[in-house]
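**Student:** Okay, predicted coordinates and the sequence, questions at the end:
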Amino acid sequence: MMITLKLPHLSSRVLAPATILGVTILGVVILCGMATGAGAVPVALNRDTCLQRAKELPDFAYAEAQLWEKKGGGNDARLCQAMAQLFRGEYKESAVALEAVIPVLGLPPKVTAGLWGKAGWAWFNAKEHAKADTDYTKAIGLQPEDPDLLIDRATERAGAERWWDVLRDLDRALSLDGGRVDAMVMRAETKHRLGRDVEAGRDLRMALSLDPDNAQGLLLSGNIKADRGDKPGAKADWTHAVQVAGDSAAGAAAQDNLARLDGKDPMKDDAPAKAAPKADAKTEDKPRGQ
């Protein structure tokens, strides 16, 4: 049986990007007027400050950056607007804006790569896989030894079911940072997709030895055991996943798998409390991966 790949921590990576806001990209401080009830007052704005606000208060930051642009903020203000759109969930608009502004910013390669990565992430969330792949590839061209970018592109390629390309990116990422449990689990699932279960098992054992409470790893381990008929082993892994995963997607999938193991239909059982997405008739009897 085949399972559905659970893409790792998509939302958390969008909300806490590893490749932009952790990098200092301070420009000169610019004074601009911000409208208040008492009239316009000068507020010090710079690229770092505005990007931090885009993450924490995207609606406010977007309006602020628009005013900043009118007051002469230029490309820095346009970058801030694009990032605010990303955190507002306006993915296509953010990607278009980022692609327009990145080439004219003149920032160092590491920072530019991070921005191309965010453009790729925006396209990915807009379900534009080809455009996402193009921007991720630009990012990796500037920073070929950045495991975060490789893992992000692998995530995007998994969404497009390009499993061999996913495997290549994860192999590279793990050659650069061999302790990345998220990459190990994702590679194990990719190998399971490709029918390489012995190798998948090795990756999973290593991942769970480093992080025994990794919910996604436990979910996948249970799925693989269920595929080979080891129901007690699958039940143990899924139960552990539920215990450590809380309300996460991995926890919900493990809970559904446990219900199926007991002969229940979680789609019907959950209906009175919460409408569940319609299951694919070809896969509803298989362990859930997400």
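**Tutor:** Received the coordinates, thanks.
**Student:** What's the end-to-end length of stretch 242-258?
**Tutor:** End-to-end distance of stretch 242-258 (C-alpha to C-alpha, to the nearest Å): 9 Å.
**Student:** where along the stretch 1-150 of the chain do the strands fall?
**Tutor:** Counting by DSSP state E, counting those that start in this stretch, one finds strands in the stretch 1-150 of the chain at the ranges 30-36, 39-45.
**Student:** Worst mean pLDDT among these?
**Tutor:** Among the strands of the stretch 1-150 of the chain, strand 30-36 has the lowest mean pLDDT, at a mean of 36.
**Student:** What are the buried residues along stretch 88-105?
**Tutor:** Residues 90-91, 93-99, 101-102, 105 are the ones in stretch 88-105 that count as buried (16 or more other C-beta atoms under 10 Å). C-beta: built from backbone N, CA, C; applies to glycine.
**Student:** And those, which is closest to M184?
**Tutor:** Nearest to M184 out of the buried residues of stretch 88-105 is Y91 (C-beta to C-beta; 28.2 Å).
**Student:** so how far is R196 from that closest one?
**Tutor:** Counting by C-beta to C-beta, to the nearest Å, the separation of Y91 from R196 is 33 Å.
**Student:** Among the buried residues of stretch 88-105, which one sits closest to S175?
**Tutor:** Using C-beta to C-beta, I102 is the member of those that lies nearest S175, at 27.8 Å.
**Student:** Which secondary structure elements does the helix or strand where L219 lies sit against?
**Tutor:** Per DSSP states H and E: L219 is located in helix 215-227. Applying 3 or more C-beta pairs under 8 Å, 6 or more residues apart in numbering; DSSP states H and E, one finds that helix 215-227 contacts helix 181-193, helix 197-210, helix 231-245, helix 249-261.
**Student:** Out of these, indicate the one that is most buried.
**Tutor:** The highest mean neighbour count among the helices and strands packed on helix 215-227, using mean count of other C-beta atoms under 10 Å, belongs to helix 181-193: a mean of 25.
**Student:** what about that helix, average pLDDT?
**Tutor:** Averaged over helix 181-193, pLDDT sits at 97.
**Student:** do the same with stretch 264-275
**Tutor:** 48.
**Student:** related to what we said a few turns ago, and the helices and strands packed on helix 215-227 as CSV, adding distance to H129?
**Tutor:** Conversion of the helices and strands packed on helix 215-227 to CSV gives the following (distance: least, C-beta to C-beta, whole Å):
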stretch, distance to H129
helix 181-193, 16
helix 197-210, 24
helix 231-245, 28
helix 249-261, 20
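**Student:** separation between F60 and G72?
**Tutor:** To G72, F60 is 20 Å away according to C-beta to C-beta.
**Student:** do G263 as well
**Tutor:** Noted for G263: a distance of 68 Å to G72, by C-beta to C-beta.
**Student:** circling back to that earlier point, ok, of the buried residues of stretch 88-105, which one's closest to E145?
**Tutor:** I102 (20.4 Å).
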